[in-house]
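**Student:** quick one, structure for this:
(chains A and B)
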Protein chains: 2
Amino acid sequence: MLQAALARGTGHRRAVFEVFARRLPHGRRYGVVAGTGRLLDAIENFRFDDDVLAHLDRTRTADPETLEWLSGYRFSGDIWGYGEGEPYFPHSPLLVVEGTFAEAVLLETIVLSILNFDSAVAAAASRMTSAAHRRPCIEMGSRRTHEHAAVAAARAAYVAGFDSTSNLRAGYTYGIPTRGTSAHAFTLLHDSERDAFTAQVESLGKGTTLLVDTYDVAEAVALGVEVAGTSLGAVRLDSGDLLAQAYEVREQLDALGATETKIVVTSDLDEFAIAALAAAPVDSYGVGTSLVTGSGAPTAGLVYKLVARESADGTLEPVEKKSKDKPGVGGRKHAARRHDRTGTAQAEVIRVNGAPEHRESERALLVPLVRDGEVVGREPLDAARERHESARAELPSTAVQMSRGEPAIPTLYEEH
Amino acid sequence: MLQAALARGTGHRRAVFEVFARRLPHGRRYGVVAGTGRLLDAIENFRFDDDVLAHLDRTRTADPETLEWLSGYRFSGDIWGYGEGEPYFPHSPLLVVEGTFAEAVLLETIVLSILNFDSAVAAAASRMTSAAHRRPCIEMGSRRTHEHAAVAAARAAYVAGFDSTSNLRAGYTYGIPTRGTSAHAFTLLHDSERDAFTAQVESLGKGTTLLVDTYDVAEAVALGVEVAGTSLGAVRLDSGDLLAQAYEVREQLDALGATETKIVVTSDLDEFAIAALAAAPVDSYGVGTSLVTGSGAPTAGLVYKLVARESADGTLEPVEKKSKDKPGVGGRKHAARRHDRTGTAQAEVIRVNGAPEHRESERALLVPLVRDGEVVGREPLDAARERHESARAELPSTAVQMSRGEPAIPTLYEEH
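**Tutor:** Prediction:
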């Protein structure tokens, strides 16, 4: 595609690509943009080195002219996007890439891979942190997804309100707080549960979290308090009826005087299980599989579509495909979220072509990320986390319902 | 956990960990081991460099003794596993890791991340190549999963019978054949579909694949044959009713004399859509989203459990946890697949403790992968691909049914 466009001369035409979702998955009420920070790093480093070019030559993947062009590749255009952490809705133009066709089309895979995965995890994470109210959620899903995806998942979960991760690499790379508890293997390694608890408390202090369901929960809770005293940090439940057990263990801990000892629950939790535990005496949630697999929607389903390009006479023209079940809406878009007087979001307003408009009841959603090839939109990860929290709070209360439904606000196309 | 075990001295106890699935996802008939080759590379390179150790120190993640131990970390134990590409069933011991507790417990996350993701993709891919009979399948899912997971997905799909991938990095890294077609953006870039097709055919030759559903399919097919002649390589359909269109397009191509021109279909295909197209005049399938997300099962759900460890007196003892809903089966296992006289698999036979047995009607499943820390089980990727094909062919015919059901063969625990 690139080679043919370069040979024809059309590869140098100015082009505008747009990233959007045709629909939200599974009756979700909103999506969450995540991965933007990772994407900016990836674009900055997007190059073709000699080894790769030699491989493409050897496999005749591209002709010499194309390889020559690739050897000097560096994205030199402009990119705008929704701020990381921002909710989105069907057809929200959440990334806009403008450059020559050749340089912009080459970014499709990296743009979509990053945004599709990270946004899928963030959307699930947002529902979970919503269901958890203010109780801390710990990301523990590394073992259930690709080893590098695991690190990205911890980052996306943090953007959407998770407090910490068990992935140490995510702590190292992104500064996300890390936490962990011991596994059943640790208890089984020792000659007795008492040996295991003693070893753990001696090494990590009384504030540690003991895993209490390897053998008998009630015996383990009693043993934990015996070994660590009433200042034992927490106990973790990882099997059985978490709801009933949480009450029993809370009662037992209180009776033993360990009124400050917390209860951490894990065991295939998802947003529904978290919501079901809302009234139970649980202090924090460790979430794994369901989080890193997007809780039923492992990809955000975002697409990267050409919406405008320079025509033979040099003007930028809207373009769109006409296929029956996947029609496009051509033209460069601007987007804003409209609010009512109480500050509650009412609609996602999309204006096609023309310049952005600024209205008092609206918040513009596209911010500059790359200008003339230079990254201008980098921000600390906590900025994305804060944006998510405040933007989610603006959505109508239906947004945080767990049940399937329509998008929380409608997407409106408006004339200028 | 590591720190406490090292401090207690128990970290140096000999330990055996086992990777298995408690169940197959979604009524699947078999799982597929994939990622083994990637895992061996990862274990060989599993080290803690100075930057990482400084981070762990600064964040007080581990004490100085543990950091000192980590600085010299190198797995020195033994690993056996099912050959890559081998089908597996509930409780199949598909990886056995033996070493000190400390060195073996540290591998849990990398082992599970790789095997869980790659095996999930391979299991879905196997159903798809089964449904496609011998028609080629092209992996096209890179944009729907994490950017590095995408490369692993292409590899896992190849193991399970896919012919090629659109991921050039997978071609570069693993030598997998690469293929691609043009996108709608390429057609829209040009002033007319004729311009686009002409540019593509001029640059890539008549054997290229033209995308024909940007505007009107019948017009595009006629135009494609006009531009490229009757030796046009293929046309791609990416929307609408693929079944009806395949017949229409085949008829049109034949009427135009382009009897050798092939039809490639894409558009959210999964194993069910592929099966539904079995009788249609389709020549190959491009599969994306559904493949890289495991077609409803984005993780294989494999766990890494301690099944035996040295006790205080130096003997290796089976261990297992007793929690109600997730009990374990302790002890080092050996596994074999039992066949009837026609060579059809009858059962997955697991023997706990003791030495492996060799029986004529059985094929031993565990092969040495790592011995004294040295990788001994490396093999060309095509060996895994061939193993998958032949081992799948041994399964009872129920294995390749698309509907939900029980595992194709039972898992039997046998006494020595």
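**Student:** contact partners of stretch A:39-48?
**Tutor:** A:56, A:70-71, A:73-75, A:79, A:106-107, A:110-111, A:114-115, A:369-370, A:375, A:377-378, B:147 (CB atoms under 8 Å, 6 or more residues apart in numbering or on different chains). Any C-beta I mention is one placed from the backbone N, CA and C, and that applies to glycine too.
**Student:** again, but for stretch A:162-169
**Tutor:** Residues outside stretch A:162-169 that contact it (CB under 8 Å, 6+ apart): A:125, A:128-129, A:136-140, A:142, A:150-151, A:153-154, A:157-158, A:171, A:176-180, A:284, A:286-287, A:291, B:56, B:61, B:109.
**Student:** okay, it in PDB with CA atoms only?
**Tutor:** Taking Å, rounded to 0.1, in the frame of the first residue of the first chain, the C-alpha atoms of stretch A:162-169 are listed here in PDB:
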ATOM      1  CA  PHE A 162      -6.700   1.400  40.700                       C
ATOM      2  CA  ASP A 163      -4.500   2.200  43.600                       C
ATOM      3  CA  SER A 164      -1.600  -0.100  43.000                       C
ATOM      4  CA  THR A 165      -0.300  -3.100  41.100                       C
ATOM      5  CA  SER A 166       1.500  -6.400  41.900                       C
ATOM      6  CA  ASN A 167       3.500  -5.900  38.700                       C
ATOM      7  CA  LEU A 168       7.000  -4.700  39.800                       C
ATOM      8  CA  ARG A 169       7.900  -3.700  36.300                       C
END
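**Student:** now it: average pLDDT?
**Tutor:** For stretch A:162-169, the mean per-residue pLDDT is 98.
**Student:** residue A:276 and chain B, how far apart?
**Tutor:** 16 Å (CB to the nearest CB, to the nearest Å).
**Student:** apologies, that question was intended for residue A:164.
**Tutor:** In this view, residue A:164 and chain B are 12 Å apart by CB to the nearest CB.
**Student:** tell me, how many residues neighbour that residue?
**Tutor:** The tally of other residues near residue A:164 (other CB atoms under 10 Å in any protein chain shown) stands at 22.
**Student:** how about it, phi and psi?
**Tutor:** phi -160, psi 180 (degrees, to the nearest 10).
**Student:** how about the contacts made by the most centrally placed residue in chain A?
**Tutor:** Centroid-nearest residue in chain A: residue A:122, 2.8 Å away (criterion: CA atoms, centre = their mean). Applying CB under 8 Å, 6+ apart, we find residue A:122 in contact with A:32, A:33, A:34, A:85, A:156, A:157, A:159, A:160, A:388.
**Student:** please indicate which of those residues are buried?
**Tutor:** By neighbour count, with 16 or more other CB atoms under 10 Å in any protein chain shown, those hold A:32, A:33, A:34, A:85, A:156, A:157, A:159, A:160, A:388 as buried.
**Student:** hmm, residue A:32 and the last one touching each other?
**Tutor:** Yes. Using CB atoms under 8 Å, residue A:388 makes contact with residue A:32 at a distance of 6.5 Å.
**Student:** how about stretch A:304-322 and chain B, any contact?
**Tutor:** Yes. Applying CB under 8 Å from any CB of the partner chain, one finds stretch A:304-322 touching chain B at A:304, A:305, A:306, A:309, A:311, A:312, A:319, A:320, A:321, A:322.
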